[in-house]
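In: I'll drop the sequence and a predicted model, then ask my questions.
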Amino acid sequence: MKPRLFFPVLLLSVFALAAGGCASTKTKEKAPPAPLVTLVPAPTWSKTELYFSIGEWETTALSTEAEERWTTFLEKEVTPRFPEGFTVIDAYGQWRGAETSAKIQRERSRVLVILHQDTPEALSKIEALRTAWKQVSKEESVLRVTEPADVSF
């Protein structure tokens, strides 16, 4: 009788070893570990152009007062907000008001070009520039054009 008891115990031991062998092969088939480097998307950049009226075109030269107002504006408003840099372009512009009978206005202009990361903070700074110039110059508006930019330094 003892040999019969031995045989079922032997079969159970063989099944246990076989099951253990299967489990060990599953652990070897683990997914590869996650990469150590996490890719962060590059920041999105924008180019904003602001168009400032700085004086009537009909005058032969820009007045000293207008030039000083613009220089002070750059020093006190623009540079502190965008110390990384910007570009100023002398320009001429014309426009007509909403009424079709309104006279065409010809003006000396400055275009301020700012390359910036597309963040709420940068857009807030740009809006602050527009507001500041309207207060200083008593102009109705400052035209803003913002578009995506592919930037490389």
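Out: Noted; the coordinates are in hand.
In: who's in contact with the residue nearest to the spatial centre of the chain?
Out: Geometric centre of the chain, nearest residue: residue 118, 1.7 Å, by CA atoms, centre = their mean. For residue 118, the contact set (CB atoms under 8 Å, 6 or more residues apart in numbering) comprises 43-46, 148. C-beta here means a position set from N, CA and C on the backbone, and glycine is covered the same way.
In: same check on residue 55?
Out: Residue 55 neighbours (CB under 8 Å, 6+ apart): 62-63, 66, 107-108.
In: where's residue 107, which helix or strand?
Out: strand 105-117 (DSSP states H and E).
In: what sits up against that strand?
Out: 43-58, 62, 66, 70, 78, 82, 85-97, 122, 126, 129, 149, 151.
In: where's that strand relative to the chain centroid, distance-wise?
Out: 20 Å (CA atoms, centre = their mean, to the nearest Å).
In: which is the succeeding secondary structure element to that strand?
Out: In N-to-C order, the element after strand 105-117 by DSSP H and E is helix 120-137.
In: that next one: which residues count as buried?
Out: Neighbour counts over helix 120-137 (16 or more other CB atoms under 10 Å) mark 122, 125-126, 129-130, 132-133, 137 as buried.
In: got a winner among the contacts of residue 118 for most neighbours?
Out: residue 46 (18 neighbours; other CB atoms under 10 Å).
In: Three-state assignment for that residue, please.
Out: Per DSSP: H, G, I helix; E, B strand; the rest coil, the secondary structure class of residue 46 is strand.
In: and it, what are its bridge partners?
Out: On the basis of DSSP bridges, residue 46 is bridged to residue 116, residue 148.
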